[in-house]
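Engineer: got a predicted structure plus its sequence, pasted below:
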Amino acid sequence: MNRMRVAVIGRGAVGSVVARSLRDGNVPGAELAGLLARSGPSGRPDTDDLPLITLHEALREADLVVECANQQVVKDVGARILTAGTDLMIISVGALADDMTATALRAAGPGRLYASSGAIGGLDVLRAAARCAPFERITVTITKQPYALVQSWMDAREAARLRVATEPIEVFRGPARETADRFPECTNVAAAVALAVGDWAVVEVVIIADPAARPSVHEVVADGLAGTYRFGIVSRPSPERESSSMVTPYAVLSAISDLTGRDFTFR
């Protein structure tokens with residue numbers, strides 16, 4: 001079996017783990033082609049020993065580009081990667097809440113687009129149930145520390161209310177697509193659920209600020225003709241970045257191993 005060469009975009013809490021694991025041979029059948037970064041050495045010992053490459057080089061040398069950065073990167077270069085014939089795996093699936101981005105990626109090719117489930121689970125049973133019968137309603141409730149939900153568009157009063165909260169506050173309730181602009185860091189989970197069931201319209205998002213929420217909590221309740229499904233995920237945060245789940249890079253590595261047809265190992 002030929003080895004899959006993988007380029008990684010992003011060297012933060014997720015990308016650094018993914019790139020190092022690929023470099024160290026933890027995903028049999030895959031090897032690191034390089035790490036894409038917008039600047040030079042970062043001064044971080046965990047990434048500065050990794051080879052840096054440009055997007056142009058990645059499109060020439062890699063079979064798969066893995067986005068471990070943010071939704072804007074998907075919007076900026078996703079279609080270009082696919083059009084070049086290189087496969088693309090994204091973790092920032094919230095970018096697909098934007099119709100223009102989703103349309104551009106669907107139209108691009110011959111590269112294939114893959115979406116990593118990240119820190120959310122249970123998508124396989126939701127996908128199967130949706131094929132059996134459409135869901136009537138799905139509620140995704142996301143509970144985070146208040147400071148993590150303060151947004152630049154909030155006025156001073158609203159931001160202060162969150163920062164000094166001593167009890168849970170519901171800060172948002174609405175369609176999944178609306179979270180993309182208002183709470184972008186909460187969009188990926190809702191988007192993963194919507195994509196699994198093939199319907200954005202049935203997914204409602206509730207965001208709660210709770211000073212006792214350590215770590216973050218995601219709860220999904222799905223009602224349909226095939227049944228009612230409830231599951232919750234209490235994600236321990238990455239030691240490098242509290243807004244990222246510790247398990248996310250390993251979900252990405254598992255998804256890569258699925259593509260190679262080999263088992264993911266730990267070293």
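Structural biologist: In hand now; what should we look at?
Engineer: switch to C-alpha atoms for all contacts and neighbour counts from now on
Structural biologist: Fine.
Engineer: can you tell me the closest non-neighbouring residue to residue 135?
Structural biologist: Once flanking residues are discounted, residue 135 sits nearest to residue 224: 4.2 Å by Cα to Cα, 6 or more residues apart in numbering.
Engineer: what do you get for residue 212?
Structural biologist: Of all residues not flanking residue 212 in the chain, residue 145 sits nearest, at 7.1 Å (Cα to Cα, 6+ apart).
Engineer: what is the burial count for that neighbour?
Structural biologist: By other Cα atoms under 10 Å, 23 other residues sit near residue 145.
Engineer: how far away is the residue nearest to residue 135 from residue 198?
Structural biologist: Distance, residue 224 to residue 198, by Cα to Cα, to the nearest Å: 14 Å.
Engineer: if we can go back for a sec, list the beta-bridge partners for the residue nearest to residue 135.
Structural biologist: On the basis of DSSP bridges, residue 224 is bridged to residue 135, residue 227.
Engineer: tell me the spacing between it and residue 137.
Structural biologist: Distance from residue 224 to residue 137, by Cα to Cα: 7 Å.
Engineer: just the helices in the stretch 1-150 of the chain please.
Structural biologist: Assigned helices in the stretch 1-150 of the chain, in chain order: 15-23, 55-61, 71-83, 99-107, 123-132 (criterion: DSSP state H, counting those that start in this stretch).
Engineer: switch these over to TSV; also include distance to residue 255 and mean neighbour count.
Structural biologist: Output for the helices of the stretch 1-150 of the chain, formatted as TSV (distance: least, Cα to Cα, whole Å; neighbours: other Cα atoms under 10 Å):
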stretch	distance to residue 255	mean neighbour count
helix 15-23	11	23
helix 55-61	19	17
helix 71-83	18	20
helix 99-107	20	15
helix 123-132	14	16
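Engineer: make TSV out of the ones you listed and add mean pLDDT.
Structural biologist: TSV is the format used below for the helices of the stretch 1-150 of the chain (pLDDT from 0 to 100):
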stretch	mean pLDDT
helix 15-23	92
helix 55-61	94
helix 71-83	94
helix 99-107	92
helix 123-132	91
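Engineer: and of these, who's closest to residue 116?
Structural biologist: When the helices of the stretch 1-150 of the chain are compared by Cα to Cα, helix 123-132 sits nearest residue 116, at 11.0 Å.
Engineer: hmm, the residue nearest to residue 212 is touching residue 209, no?
Structural biologist: Yes - here residue 145 reaches residue 209: they are 5.6 Å apart, a contact under Cα atoms under 8 Å.
Engineer: strands of the chain, start to end?
Structural biologist: All strands of the chain, identified by DSSP state E, fall at 4-9, 30-36, 52-53, 64-67, 87-90, 113-115, 135-144, 169-175, 203-209, 216-224, 227-235.
Engineer: would you mind putting these into TSV with mean neighbour count, mean pLDDT and distance to residue 79 alongside?
Structural biologist: TSV is the format used below for those (neighbours: other Cα atoms under 10 Å; pLDDT from 0 to 100; distance: least, Cα to Cα, whole Å):
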stretch	mean neighbour count	mean pLDDT	distance to residue 79
strand 4-9	25	95	15
strand 30-36	24	93	17
strand 52-53	20	91	19
strand 64-67	27	96	12
strand 87-90	23	95	9
strand 113-115	18	91	10
strand 135-144	21	93	29
strand 169-175	15	94	26
strand 203-209	22	95	26
strand 216-224	19	90	30
strand 227-235	15	86	31
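Engineer: as a markdown table, the ones you listed with distance to residue 192 would be great.
Structural biologist: Shown next, in a markdown table, are the strands of the chain (distance: least, Cα to Cα, whole Å):
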| stretch | distance to residue 192 |
| --- | --- |
| strand 4-9 | 20 |
| strand 30-36 | 25 |
| strand 52-53 | 29 |
| strand 64-67 | 15 |
| strand 87-90 | 11 |
| strand 113-115 | 8 |
| strand 135-144 | 11 |
| strand 169-175 | 14 |
| strand 203-209 | 11 |
| strand 216-224 | 11 |
| strand 227-235 | 14 |
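Engineer: which one of those strands lies nearest to residue 155?
Structural biologist: Nearest of the strands of the chain to residue 155, taken as Cα to Cα: strand 169-175 at 13.3 Å.
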